[in-house]
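Turn this into a structure:
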Amino acid sequence: MGLRTNRGGRKAAAPKDENVALKIKLRGQDNVPMTIPELREALLEAARELKQYETDYRAKFATIYLTLVNENGEPVRINQSNELTIFSYRSAADDLGIK
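Numbering: from 1, shown residues only. Just a heads-up that it's a prediction; the model follows:
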């Protein structure tokens, strides 16, 4: 058999030491699981931290992995696929450049 080439597929992943993805870690105090309101506040704080970069940079994409647990600390699924896809919101004012 001949060598296989990657035709039209995804690019090979960058080695870990060359990965330029920004990693944001959210943790509960003393590693205790966060409540959903605490998670929301932590995500908002991360967004506030990123605000300083909004004029110079864009996010190509973001994937957030959450391990949700019940009151007994057992992992749970929120739906059959255990996945949510949320698209950014653009208003007509955004499209027209109105502030």
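
The chain: helices as residue ranges?
For the chain, helices defined by DSSP state H occupy the ranges 36-50, 92-96.

Which one, of these, ends up nearest to Arg58?
helix 36-50 (10.9 Å; CB to CB). (Glycine included, C-beta is placed from N, CA and C.)

The closest one: which residues count as buried?
Residues Leu39, Ala42 are the ones in helix 36-50 that count as buried (16 or more other CB atoms under 10 Å).

Can you show me the CA trace of it as PDB?
What follows is helix 36-50, C-alpha atoms only, in PDB (Å, rounded to 0.1, in the frame of the first residue of the first chain):
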ATOM      1  CA  ILE A  36     -25.100  27.200  38.400                       C
ATOM      2  CA  PRO A  37     -25.300  30.800  39.600                       C
ATOM      3  CA  GLU A  38     -21.600  30.600  40.700                       C
ATOM      4  CA  LEU A  39     -20.700  29.200  37.300                       C
ATOM      5  CA  ARG A  40     -22.600  32.100  35.600                       C
ATOM      6  CA  GLU A  41     -20.700  34.600  37.600                       C
ATOM      7  CA  ALA A  42     -17.300  32.900  36.900                       C
ATOM      8  CA  LEU A  43     -18.100  33.000  33.100                       C
ATOM      9  CA  LEU A  44     -19.100  36.700  33.400                       C
ATOM     10  CA  GLU A  45     -15.800  37.400  35.200                       C
ATOM     11  CA  ALA A  46     -13.900  35.600  32.400                       C
ATOM     12  CA  ALA A  47     -15.800  37.700  29.800                       C
ATOM     13  CA  ARG A  48     -14.800  40.900  31.800                       C
ATOM     14  CA  GLU A  49     -11.200  39.800  31.800                       C
ATOM     15  CA  LEU A  50     -11.300  39.300  28.000                       C
END
